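Q: from the sequence below, what's the structure:
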Amino acid sequence: MRRVRLTSLCFLFLLLSGAAQAQRVIPAPEFESQFQRTQGWTGADGTYSYPLPGNRILWSFSDTFFGAVEAGKRKNFAFLNNSHVVQKGDSLTFLEAPSFVPPDGKGWFWMWDGVYDGEFSALLGQFDKEESGVFGFGFKQVGLWHVRAELKSSPPRLEALEYQKLPFFERRGKEQLTFGVAVFREGAWDYILGAHDQGVKRHARLARVPRGGLGKAGLWRFFDGERWVRDPWAGRSLFSDSSMEASLHKTAQGSYVYIGSLATSGRIVARRAPSLTGPWSELKDIYQAPEASGEVIVYNAKAHPHLCSDRRILISYNVNTTSLTRVVEEADIYRPRFFWWDPGSGDWF
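A: So this is what the prediction gives:
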């Protein structure tokens, strides 16, 4: 696998790269092949990542298959709602799963974003069964939690140190508000991207807490267009057509970039702004994922800004199918995909 470089070095390369060129998308088999497996961990979605000491990567996934794949089909499998993997070079260490279980015994946790700074601090979406649900899968969000966890080596696991339920998930009629889409740390603040659903329309919202305060509900504030206020419903939409999972990062020139996807269409996009509070640009198309067709859906694209190679940034996306039979019979569908994005112009990175 190519040696990954810190984002700051990647930005320096971009600054020195000379004249702007057209953007390019380049395959990333060195990452994709790592998660194309036929034994043990055999597929997941989610796909957040965090740099660890020792040139390692912590990968964070939501629904995960464990078992065997024979002749392309899943055999004797278990289906767990979150999992984590530590990568060093070409070596993967699969941690005990599920890493996190709701302490109130209700439903399950899917991973949202967080930070790693000596310990893992992440937001968790709590979900439970619902007869209709999205695409007929039968689930609904019922809560939002924060977890602090320590990475242990024997046995390899993330050990939860503290769970804290947060009041920043709520439904009001046909509207839903939640947070955790992306977390971005800058200076004294941790910024949290949220999702405000109004029917089929999804809008991005922004919150912030003092650095390290994700689990302290009293410290959360929400951007209302001018000020940071206590009421999450008083927040203002940053832009529409946002994703339930995405990424935020800062460029060498000081602007901010959002990378996500449009619903389940496979259209992977970027936006740019001079500040996290906006104004945000119109969509820039990056890639149309070829897997998206018929029952096969593509969703939750995001960048991994700490992973950079030759002036390119790594982007992942999730692939699934609305046919539960196909998830089992065609095991290769449900696994993360990766590609390198070379934006061409240093204006974007």
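
Q: buried sites along stretch 188-195?
A: Of the residues in stretch 188-195, those buried under the neighbour-count criterion (16 or more other Cβ atoms under 10 Å) are Trp189, Asp190, Tyr191, Ile192, Leu193, Gly194, Ala195. C-beta: built from backbone N, CA, C; applies to glycine.

Q: name whatever forms a beta bridge with the second one.
A: Meaning Asp190. Applying DSSP bridges to Asp190 gives these bridge partners: Arg185, Val209.

Q: who's in contact with it?
A: For Asp190, the contacting residues are Val115, Val183, Phe184, Arg208, Val209, Pro210, Arg211, Gly212, Gly213, Leu214, by Cβ atoms under 8 Å, 6 or more residues apart in numbering.

Q: go on, the third one?
A: Contact criterion Cβ under 8 Å, 6+ apart gives Val183, Phe184, Arg185, Leu206, Ala207, Arg208, Leu248, Leu276 as the residues in contact with Tyr191.

Q: between those residues, which is nearest Pro53?
A: Sorting these by distance to Pro53 puts Arg185 at the head of the list, at 16.5 Å, by Cβ to Cβ.

Q: ok so, going back, could I get the buried residues of stretch 188-195 as JSON lines with pLDDT and distance to Pro343?
A: Formatted as JSON lines, the entries for the buried residues of stretch 188-195 read as follows, by pLDDT from 0 to 100; distance: Cβ to Cβ, whole Å:
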{"residue": "Trp189", "pLDDT": "98", "distance to Pro343": "26"}
{"residue": "Asp190", "pLDDT": "98", "distance to Pro343": "26"}
{"residue": "Tyr191", "pLDDT": "98", "distance to Pro343": "22"}
{"residue": "Ile192", "pLDDT": "98", "distance to Pro343": "25"}
{"residue": "Leu193", "pLDDT": "98", "distance to Pro343": "21"}
{"residue": "Gly194", "pLDDT": "98", "distance to Pro343": "26"}
{"residue": "Ala195", "pLDDT": "98", "distance to Pro343": "25"}
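
Q: for the contacts of Tyr191, pick the one with the most neighbours.
A: Neighbour counts for the contacts of Tyr191, by other Cβ atoms under 10 Å, peak at Leu248, which reaches 27 neighbours.

Q: tell me, how many residues neighbour Gly282?
A: No Gly there; residue 282 is Glu. Applying other Cβ under 10 Å, we find 8 other residues in the vicinity of Glu282.

Q: right, I mislabeled it, should have said Phe61
A: Summarising burial for Phe61: neighbours were counted as other Cβ under 10 Å, giving 25.

Q: same deal with Phe239?
A: The criterion is other Cβ under 10 Å. On that basis, Phe239 has 16 neighbouring residues.

Q: could you find the closest non-adjacent residue to it?
A: Across the structure, with Cβ to Cβ, 6 or more residues apart in numbering as the measure, the residue nearest Phe239 apart from its sequence neighbours is Trp280 (4.6 Å).

Q: ok, Val85 - contacts?
A: The neighbourhood of Val85, defined by Cβ under 8 Å, 6+ apart, consists of Trp41, Leu58, Trp59, Phe61, Leu92, Thr93, Phe94, Leu95.

Q: please repeat the previous calculation with a cut-off of 10 Å.
A: Each residue near Val85 by Cβ atoms under 10 Å, 6 or more residues apart in numbering is listed here: 34-35, 41, 44, 49, 57-61, 64, 92-95, 97, 156.

Q: circling back: so which of the contacts of Asp190 is the closest to Val86?
A: Comparing every one of the contacts of Asp190 with Val86 (Cβ to Cβ), the shortest separation belongs to Val115, at 16.3 Å.

Q: and that closest one, what element?
A: Secondary structure assignment for Val115, by DSSP states H and E: strand 108-116.

Q: packing partners for that strand?
A: Contacting strand 108-116 under the criterion 3 or more Cβ pairs under 10 Å, 6 or more residues apart in numbering; DSSP states H and E are the following elements: strand 48-52, strand 56-61, strand 120-129, strand 139-153, strand 175-186, strand 189-198.

Q: ok, now with 8 Å
A: Packed against strand 108-116 by the contact rule (3 or more Cβ pairs under 8 Å, 6 or more residues apart in numbering; DSSP states H and E) you find strand 48-52, strand 56-61, strand 120-129, strand 175-186, strand 189-198.

Q: tabulate these (CSV), appending distance to Tyr317.
A: Rendered in CSV, the data for those read as follows (distance: least, Cβ to Cβ, whole Å):
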stretch, distance to Tyr317
strand 48-52, 13
strand 56-61, 13
strand 120-129, 19
strand 175-186, 15
strand 189-198, 17
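
Q: nearest to Arg236, of the ones you listed?
A: Using Cβ to Cβ as the criterion, the shortest distance between Arg236 and the helices and strands packed on strand 108-116 is 9.6 Å, found for strand 189-198.

Q: what angle sits between that closest one and strand 120-129?
A: 20 degrees (axes from the mean of the first three to the mean of the last three Cα atoms, to 10 degrees).

Q: now the angle from strand 189-198 to strand 108-116?
A: Orientation check (the same axes, to 10 degrees): strand 189-198 against strand 108-116 gives 150 degrees.

Q: tell me which helix or strand comes right after the worst-scoring helix or strand of the chain on mean pLDDT.
A: Ranked by mean pLDDT, DSSP states H and E, the helix or strand of the chain with the weakest confidence is helix 7-15, at a mean of 45. On the C-terminal side of helix 7-15, the nearest following helix or strand under DSSP H and E is strand 24-27.
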